[in-house]
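Student: give me coordinates for this.
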Amino acid sequence: MRRFFRRVFGKELEGIRRLLRFLRKGSAPPSAAVQKRIRPAQNDSGGRSSASGQPAAIKRASKSPPRPPRTRRKTPPLVPHTSPRSSSTQSSSTPGPKRAASAPGRPKIRADRSGPLDREIAPSPSDPFTSVVASVVLHLALLLLLVPLLIPEAPEPPKTWSVVVTLEPKEINRAKDPLPTAVVEPAPQPIVEPEPVEEPIAPVDLEAVADPPASEFGTLQGSEGSRRSGTARQQSLVQHGGNAATESAVRAGLEWLLRHQDSDGSWSPDQFHKHCPDQTRRCSGVGYREHRAGITALSLLALLGDGHLPQQSENALDVAADEALRWLLRHQDESGCIRTDPVNGTRNLYDHGIATFALCEAAQWTTDATIERAARLALSFLASSQQAGGGWDYTPGISLRNDLSITGWQLLAIHAGIEAGILPQMKTITSIERYLDRAIDDDGRSTYSDRGRGRGRKGIGIDAVGLLSMLTLGHSPISHRSLESARRIADHPPRPELRQEWDQHPQSMYYWYTATLALFHVGGEPWKRWNEQLQRKVLPLQRNSTQAAGSWDPDPNWIGAAGGRVAQTALGVLTFESYFRYTPIHLRLGIARTPRDR
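Tutor: The predicted model follows:
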């Protein structure tokens, strides 16, 4: 590139160099020789000029003979350059030494000349700087025009291509045999059967067959109804810590629910008191009317937990269970959602999850195809309502919010469906697993929700829901996360006096129910400690007089206000049915909860 510019602009650059040398010479001080020639000569008489107007030194030089040339000439001292007029004035006024005459053959230089001679000082341009700048600008402009033409353009980047490969199932064309070969079967030969020999039949203990021991692992577990009555129930009570007081509480609570059931089979959260015989002293504690479906399902679960099956007998509690189940079936819409108003009501997943839980548990006990179809449809709607994060929110719409409390009820429904033979899709379970891994840390501490209301909130109340959800999904009851959570829950037993301070101490019947069910499945020392405090603190809260006998007063917080007395009583009954309602998971897995693993 340098050679190219030197070849193209060589002449211009050489001209600029010459111009710069000229300007450098013009700005330098005059040489000593020039100063000596232009300095006026002084005469012997004090520097005055002769009459002819020429300096005296020049006259003397013209008369004297020529001197031989010197081999070496000394440079006179520098004197400031002055104009001729000032020099002549200075020479005439100031005396000085006489100057030698000029050499022969040289022109005489007048001391009072008006300007410099042509041969002494070259003329300079009027404004050299302007011409230099103009030349530089002109050449720069020319250079800018030539650079785009001389510099090659950058090559274009290579093009990239993205290929999307879609795999489709390959259709296999099975070859058909156009001429099937006929198979000739031999004629059947008569079979001679031996004469039957009668053997003595040993007597069978029908009660033992119908009610297998609660601690026996490997018995039929598809339906838990066999453990909810008879001798098996008594053995479960003894084995897991129940007693006559807990049985009395269950019986009294179911009788109160039976007295306050509506004629259509449901329970009204806000109008149940119309069934009180004495309207002047009727029961208090109304709830939200829009939760009729969820509260009816809770009451049905309490009846099923005590072993009362639909269409089983003419027993009042069996009939109540059958009517409640029919009411839920009538309030299921075409999509499968169960709600208070199947036409215009809100699709609340608290209500739908609890109702699906009741339908699936009823499907375990009966062979009614209608109940099984309804349970499948309800589970299908439940799966379609799952959020992208793996959990569930209050409503089935897309909100990207995952609520662990609501998700816990959906998991109980899915588990009951599995027990009834209705298996969920794998993607549903995988999404739940991913959500629980985010919501529950390695020490079993759970987070209420990841967005919106209650975001990031932690506490012992939601820890119980998280532990129950993990166990329901199949996690080990003796893993580090399960045991740490169980011990922490056991350190926070029921304390009814703190229910009003729910934001600081999440004490409520809902917490007592979920914690009881979770620790029952874990077993061991945490369950023993919890069960002692449960019976000591919660059993005395049940009303034993007036028209409210058998019920529990609603919690003095927003949970009690939403469910009212009916939901509080149903949850209380479910809590004290835990001793015989299920087989503990640690027993179903064959894990012995001995002091060594506590």
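
Student: pLDDT weak spots in this structure?
Tutor: 1-2, 4-6, 8, 26-129, 152-154, 158-227, 591-598 (pLDDT under 70).

Student: give me that answer again for 50
Tutor: The model of the chain has pLDDT under 50 over residues 33-34, 36, 38, 40-63, 75, 78-102, 119-122, 172-225, 594-598.

Student: which strands and helices sit next to the top helix by length along it?
Tutor: Of all the segments of type helix in the chain, defined by DSSP state H, the longest one is helix 128-150. With contacts taken as 3 or more C-beta pairs under 8 Å, 6 or more residues apart in numbering; DSSP states H and E, helix 128-150 sits against helix 10-27. The C-beta positions use only the backbone N, C-alpha and C, and glycine is treated the same way.

Student: C-alpha coordinates for the helix it packs on, CSV please?
Tutor: Coordinates of each C-alpha in helix 10-27 appear next as CSV, following Å, rounded to 0.1, in the frame of the first residue of the first chain:
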residue,chain,number,x,y,z
GLY,A,10,5.1,11.0,-5.7
LYS,A,11,5.2,14.3,-7.5
GLU,A,12,2.8,15.9,-5.1
LEU,A,13,4.8,14.8,-2.1
GLU,A,14,8.0,16.0,-3.7
GLY,A,15,6.4,19.4,-4.3
ILE,A,16,5.2,19.6,-0.7
ARG,A,17,8.7,18.8,0.5
ARG,A,18,10.2,21.6,-1.6
LEU,A,19,7.5,24.0,-0.4
LEU,A,20,8.3,23.2,3.2
ARG,A,21,12.1,23.7,2.6
PHE,A,22,11.4,27.0,1.0
LEU,A,23,9.2,28.1,3.9
ARG,A,24,11.8,27.0,6.3
LYS,A,25,14.5,29.1,4.5
GLY,A,26,12.3,32.1,4.3
SER,A,27,11.6,32.1,8.1
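
Student: please, which helix or strand holds Ala378?
Tutor: helix 369-384 (DSSP states H and E).

Student: what lies in contact with that helix?
Tutor: 310, 325, 328-329, 332, 335-338, 349, 352-353, 355-356, 359-360, 362-363, 392, 396, 410, 413-414, 417, 420, 422, 424-425, 428 (C-beta atoms under 8 Å, 6 or more residues apart in numbering).

Student: filter those residues down to the buried ones, PyMOL style.
Tutor: Selecting the buried subset of those in PyMOL, with 16 or more other C-beta atoms under 10 Å as the burial test, is done by:
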select buried, resi 310+325+328+329+332+336+337+338+349+352+353+355+356+359+360+362+363+392+396+410+413+414+417+420+422+424+428
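
Student: among the contacts of helix 369-384, which lie within helices?
Tutor: Per DSSP H, the subset of the contacts of helix 369-384 in helices is 325, 328-329, 349, 352-353, 355-356, 359-360, 362-363, 410, 413-414, 417, 428.

Student: okay, now Leu144: neighbour count?
Tutor: Using other C-beta atoms under 10 Å, Leu144 has 9 other residues around it.

Student: please apply the same query to the one 5 residues further on.
Tutor: Burial of Leu149, expressed as a neighbour count using other C-beta under 10 Å, amounts to 7.

Student: any idea how far it is from Leu359?
Tutor: Separation of Leu149 from Leu359 (C-beta to C-beta, to the nearest Å): 84 Å.

Student: please apply the same query to Asp553.
Tutor: 29 Å.

Student: which residues in the protein form strands?
Tutor: Counting by DSSP state E, the chain forms no strands at all.

Student: so how far is Ile489 from Trp527?
Tutor: 10 Å.

Student: anything in contact with each of those two?
Tutor: With C-beta under 8 Å, 6+ apart, Trp527 and Ile489 have common neighbours Leu519.

Student: can you give me phi and psi for Arg347?
Tutor: phi -80, psi 90 (degrees, to the nearest 10).

Student: buried residues in the helix holding Ala378?
Tutor: For helix 369-384, a neighbour-count test (16+ other C-beta under 10 Å) marks Ile371, Glu372, Ala374, Ala375, Arg376, Leu377, Ala378, Leu379, Ser380, Phe381, Leu382, Ala383 as buried.

Student: what is the burial count for the closest residue to Thr569 other than its chain neighbours?
Tutor: Leaving aside its sequence neighbours, Thr569 sits nearest to Ser551 (C-beta to C-beta, 6 or more residues apart in numbering; 4.3 Å). Ser551 has 28 neighbours, counted by other C-beta under 10 Å.

Student: contacting residues for Ser551?
Tutor: Taking C-beta under 8 Å, 6+ apart, one finds Gly253, Trp256, Cys283, Gln542, Arg543, Arg565, Gln568, Thr569 in contact with Ser551.
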